[in-house]
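Novice: Only the shape, not the letters, is given here:
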């Protein structure tokens, strides 16, 4: 969608280049999201780890860093803002 609109962007594959906990915290802060809100609740790791909305944020951050497949995507970051772009059109709201 960005290419179609001639918008330059960097794509990060966090399976290859994993996010640190600090990067994840910064990204979610920019998006105004709690870590539980960005979890892919259908993932096996979600069930195996027994995560719930009562799980402390610290535990959820660590779970996402250790199991990057738990993180919903795409998350689009632009300057000091970020958005979970589901649907992808939400990304245009911050650029």
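Specialist: Perfect, thanks for sending it. Quick caveat: nothing in here was measured; it's all calculated off a predicted structure.
Novice: Can you tell me which helix or strand of the chain has the lowest average pLDDT?
Specialist: Least confident helix or strand, the chain: strand 75-78 with a mean of 90, by mean pLDDT, DSSP states H and E.
Novice: and residue 65, what pLDDT?
Specialist: We have a pLDDT of 97 for residue 65.
Novice: which residues are contacting whichever strand or helix holds it?
Specialist: Residue 65 belongs to helix 57-66 when assigned by DSSP states H and E. Helix 57-66 is contacted by residues 18-21, 24-25, 34-36, 38-39, 45, 49, 51, 70-71 when judged by Cβ atoms under 8 Å, 6 or more residues apart in numbering. C-beta coordinates here come from the backbone N, C-alpha and C atoms, glycine included.
Novice: buried residues in that helix?
Specialist: 60, 61, 63, 64, 65 (16 or more other Cβ atoms under 10 Å).
Novice: and if you look at stretch 67-87?
Specialist: 67-68, 70-72, 74-77, 82-85.
Novice: related to what we said a few turns ago, out of the buried residues of helix 57-66, flag the one nearest to residue 4.
Specialist: Among the buried residues of helix 57-66, residue 64 lies closest to residue 4 (Cβ to Cβ), at 30.1 Å.
Novice: how close does the closest one sit to residue 38?
Specialist: 8 Å (Cβ to Cβ, to the nearest Å).
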